[in-house]
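Asker: Predicted model and sequence follow; I will ask about them next.
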Amino acid sequence: MDSKIIKLQIIEAGERAVIQLIKVAKEDIIKYDTEDELAADRLKNAAATKKLCIMDAFEIIKKIDEERAMLDGVDIKTTNTPKGFAESRSK
């Protein structure tokens, strides 16, 4: 199998994964029709899960865009090094 075809299949799978992550992120944490309130720790875990879904979706989309650009022959400059206040002003 050609590596370009494999990469396109991986991109397609990534797009499907992002759609699933969006569905999870859209679900309500608290169901309004129930009288049972979530305990504080369960609420905290649910919120953390939603945050993780959103961050994962953005990360996957970013990687998909980078891979598509490479397949199309476009050079995208990315830096994975985080810059803090001091690093950005040390010139």
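Answerer: Nice, I can see it.
Asker: Let me see the ranges of the helices in this protein.
Answerer: 3-26, 40-72, 85-89 (DSSP state H).
Asker: Give me the mean pLDDT for the longest one.
Answerer: So that's helix 40-72. Mean per-residue pLDDT for helix 40-72: 91.
Asker: by contact count, what packs against it?
Answerer: helix 3-26 (3 or more CB pairs under 8 Å, 6 or more residues apart in numbering; DSSP states H and E). (Glycine included, C-beta is placed from N, CA and C.)
Asker: Tabulate the helices of the chain (TSV), appending mean neighbour count.
Answerer: As requested, those are exported to TSV (neighbours: other CB atoms under 10 Å):
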stretch	mean neighbour count
helix 3-26	12
helix 40-72	13
helix 85-89	8
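Asker: Alpha carbons only: can I get stretch 6-20 in PDB?
Answerer: C-alpha atoms of stretch 6-20 as PDB (Å, rounded to 0.1, in the frame of the first residue of the first chain):
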ATOM      1  CA  ILE A   6      -2.300   5.200   4.300                       C
ATOM      2  CA  LYS A   7      -1.900   8.800   5.500                       C
ATOM      3  CA  LEU A   8      -5.200   9.800   3.800                       C
ATOM      4  CA  GLN A   9      -6.900   6.900   5.700                       C
ATOM      5  CA  ILE A  10      -5.400   8.100   8.900                       C
ATOM      6  CA  ILE A  11      -6.600  11.600   8.300                       C
ATOM      7  CA  GLU A  12     -10.100  10.300   7.600                       C
ATOM      8  CA  ALA A  13     -10.000   8.300  10.800                       C
ATOM      9  CA  GLY A  14      -8.800  11.400  12.700                       C
ATOM     10  CA  GLU A  15     -11.700  13.400  11.400                       C
ATOM     11  CA  ARG A  16     -14.200  10.700  12.500                       C
ATOM     12  CA  ALA A  17     -12.500  10.700  15.900                       C
ATOM     13  CA  VAL A  18     -12.900  14.500  16.200                       C
ATOM     14  CA  ILE A  19     -16.600  14.200  15.400                       C
ATOM     15  CA  GLN A  20     -17.000  11.700  18.300                       C
END
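Asker: Run through who's touching that stretch.
Answerer: Contact with stretch 6-20 is made by A57, I60, I61, K63, I64, E67, R68, L71, as judged by CB atoms under 8 Å, 6 or more residues apart in numbering.
Asker: Cool, thanks, talk later.
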